[in-house]
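S.K.: I would like the atomic coordinates for the input below:
(one chain, ligands or ions: 1)
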Amino acid sequence: MASPILGYLDPDYLAIMDHTMVLLRHLFQTDNELSIALPGTGMCGMEAAVCNIVEPGDEVVVGIHGFFGQRLAEIVERHGGTAVRVEVDFGQVVSTDQIATALDTHPNAKMVAIVHGETSSGVAQPLKDIGKVVRERNKIFLVDAVCSLGGAHVPVDESLIDICYGAGQKCIGGPAGIACITLNDRALGVIDARSRPVDTWYLDLTLIGKYWLSDRAYHHTSPGSLLYALHEALRLIQEEGLEERFARHQKCGDLLKAGLTDLGLELFGDPANRLPMLTCVMIPDGVDDATTRGRLLRDFGIEIAGGFGPLKGKAWRIGLMGYSCSERNVHYLLAALREILGN
Ligand SMILES: Cc1ncc(COP(=O)(O)O)c(C=O)c1O
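M.R.: Below you'll find the model as predicted:
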C-alpha cells in the first residue's frame with residue numbers, strides 16, 4: 001500500500017487491474033469475465049449486487065438466517081423491490097425446500113438472495129441444491145460471500161451462482177474499503193434488459209464494467225493503494241493454494257471449537273453447518289461479556305467480537321481469517337480465556 005501511486009489509466013495500473021481480475025476468477029472459481037473490485041467495503045458489494053438487478057416492483061426471495069440476510073432484504077426494499085422473506089432462527093440454515101416453496105408461491109420473483117457465511121451466527125449456508133432450484137426456475141442467484149471468500153470454497157460456477165461478492169478485510173486478508181464482485185452472462189443479461197437505469201450511478205456495474213474491461217474510460221478514480229493491497233492479498237492466496245488455504249481455515253476452526261468445548265463452553269448454531277473462520281460460542285452463566293472481552297484486549301492484545309441481534313450479550317464471535325488464522329493464535333486465545341475464566 002506504500003507503493004507509489006499510479007494514475008487510474010496508467011498502463012501499469014491497467015495491468016494490475018487485469019491481473020486482479022485473473023486472480024479474482026481463480027478465487028471465485030469462475031470463468032466470469034466481469035470479476036472486478038469495487039471502491040467500497042463489503043456493503044458496497046451488497047448494494048451493487050442488489051441495485052443492478054432490482055427494479056421497483058420486483059420480488060426477491062431472500063433467505064434469512066441472521067443479521068446480514070436481514071440487511072439484504074432491507075436493501076432490496078430500499079431499491080423498490082419486495083423482499084419475500086424466508087426466515088429461520090439465528091444459527092439454523094435455510095432449506096432448499098423452503099426456497100422452492102417460496103418460488104412456487106411467488107413465480108414472478110426475479111432473484112433469490114442469500115448469505116453464505118452468516119457472520120452474525122457462525123453458520124455456513126449450503127448453496128449447491130438451492131443453486132439448482134433457482135436455475136431450474138430461470139431466476140438469478142445472488143450469494144453474499146463477504147465472510148467466507150478466501151477461507152472456504154465458494155465455487156461460483158459449480159454452485160450455479162449468478163452474482164457473488166466478497167470484501168478485502170475478511171479471509172482475503174487485505175484491507176477494508178475494497179469489495180470484489182463477479183457476475184455471469186445471465187446476470188448481465190438481466191441488467192441489460194432493465195426498463196430503467198440502475199438507481200445509483202456510482203454502483204452501475206455496466207458503467208464500472210466498461211472501465212475494467214472495454215472502454216477503459218473514466219468512471220471513478222480507482223483507490224490505487226487499496227487495489228495494490230487487494231492484488232497482493234489475492235496473489236498470496238494463489239501462492240498458498242486454494243485447497244491448502246481452506247484446509248488451514250478448517251483445521252484452525254476445528255482446533256478452536258474443540259478447545260472451547262474443552263473449556264466447558266457451548267458452541268452456538270447448527271453443528272452440521274458451522275463456519276471454520278467464524279466461531280460463535282455462548283458466554284457462560286455468570287461471566288460478564290464486556291469485562292471478559294476488555295481483559296482479552298487489554299491484557300492479551302486479542303480482540304473478539306460480541307453477539308449480534310438475539311445473541312447480543314449472550315455469545316462471542318471469534319474470527320480466524322486470512323493471516324490471523326493460525327494454530328498459534330488459537331492456542332494463545334485458549335490460554336488467555338482459560339486464565340480469565342479460571343477454567
Ligand atoms: C456476511 C456479511 N455481509 C456483508 C458485510 C458488510 O461488509 P462491510 O462491513 O465490509 O461493509 C459483512 C461485514 O461483516 C458480512 O459479514
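S.K.: CA only for contacts and neighbour counts going forward, please
M.R.: Noted.
S.K.: the ligand contacts on the stretch 151-300 of the chain?
M.R.: Within the stretch 151-300 of the chain, the positions near the ligand by Cα under 6 Å from any ligand atom are A167.
S.K.: now the strands: where do they sit in the stretch 151-300 of the chain?
M.R.: Secondary structure of the stretch 151-300 of the chain by DSSP state E, counting those that start in this stretch: the strands cover 163-167, 179-183, 278-282.
S.K.: dump the first one to PDB, keeping only the CA atoms.
M.R.: It stands for strand 163-167. Output in PDB follows, covering the C-alpha atoms of strand 163-167 (Å, rounded to 0.1, in the frame of the first residue of the first chain):
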ATOM      1  CA  ILE A 163     -23.800 -12.900  -8.700                       C
ATOM      2  CA  CYS A 164     -21.300 -13.200  -5.800                       C
ATOM      3  CA  TYR A 165     -19.400 -10.600  -3.800                       C
ATOM      4  CA  GLY A 166     -16.800 -10.500  -1.000                       C
ATOM      5  CA  ALA A 167     -14.700  -7.900   0.800                       C
END
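S.K.: give the contact list for A124.
M.R.: Residues in contact with A124 (Cα atoms under 8 Å, 6 or more residues apart in numbering) are V93, H116, G117, E118, N273, R274, L275.
S.K.: now those residues in JSON lines, with pLDDT and neighbour count?
M.R.: Below are those laid out as JSON lines (pLDDT from 0 to 100; neighbours: other Cα atoms under 10 Å):
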{"residue": "V93", "pLDDT": "98", "neighbour count": "24"}
{"residue": "H116", "pLDDT": "98", "neighbour count": "26"}
{"residue": "G117", "pLDDT": "98", "neighbour count": "29"}
{"residue": "E118", "pLDDT": "97", "neighbour count": "28"}
{"residue": "N273", "pLDDT": "98", "neighbour count": "16"}
{"residue": "R274", "pLDDT": "98", "neighbour count": "26"}
{"residue": "L275", "pLDDT": "98", "neighbour count": "29"}
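S.K.: helices of the stretch 201-343 of the chain, start to end?
M.R.: Under the criterion DSSP state H, counting those that start in this stretch, the stretch 201-343 of the chain contains helices at 205-212, 224-240, 242-262, 289-300, 327-341.
S.K.: give me the contact list for the third one.
M.R.: Right, the one you point to is helix 242-262. Applying Cα under 8 Å, 6+ apart, the external contacts of helix 242-262 come out as 27, 150-153, 237, 266-267, 275-279, 320-322, 325-327, 330-331, 334.
S.K.: I'd say V146 and A167 touch.
M.R.: Yes - counting by Cα atoms under 8 Å, V146 does reach A167; the two are 5.3 Å apart.
S.K.: who has more neighbours, the two?
M.R.: Neighbour totals were compared for V146 and A167, and A167 leads with 33 against 29 (other Cα atoms under 10 Å).
S.K.: which non-adjacent residue is nearest the more buried one?
M.R.: Using Cα to Cα, 6 or more residues apart in numbering and skipping the chain neighbours, the partner closest in space to A167 is A179 (4.2 Å).
S.K.: what are the bridge partners for that neighbour, then?
M.R.: L38, A167 (DSSP bridges).
S.K.: which residues are common contacts for V146 and A167?
M.R.: With Cα under 8 Å, 6+ apart, V146 and A167 have common neighbours G42.
S.K.: picking up where we left off before, now tabulate the strands of the stretch 151-300 of the chain in CSV and tack on mean pLDDT.
M.R.: As requested, those are exported to CSV (pLDDT from 0 to 100):
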stretch, mean pLDDT
strand 163-167, 98
strand 179-183, 98
strand 278-282, 98
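S.K.: what's the most buried one of those strands?
M.R.: Burial of those is given as mean neighbour count (mean count of other Cα atoms under 10 Å); strand 163-167 ranks first at a mean of 29.
S.K.: surely the residue nearest to A167 meets E47?
M.R.: No - judged on Cα under 8 Å, A179 makes no contact with E47 at a distance of 10.9 Å.
S.K.: re earlier: and the contacts of helix 242-262, which of them are buried?
M.R.: For those, a neighbour count by 16 or more other Cα atoms under 10 Å gives the buried set as 27, 150-153, 237, 266-267, 275-279, 320-322, 325-327, 330, 334.
S.K.: what distance do you get for D89 to the ligand?
M.R.: Per Cα to the nearest ligand atom, to the nearest Å, D89 is found 16 Å from the ligand.
S.K.: tell me, how many residues neighbour the nearest residue in space to that residue that is not next to it in sequence?
M.R.: Nearest residue to D89, sequence neighbours excluded (Cα to Cα, 6+ apart): H65, at 6.1 Å. When neighbours are defined as other Cα under 10 Å, H65 has 27 of them.
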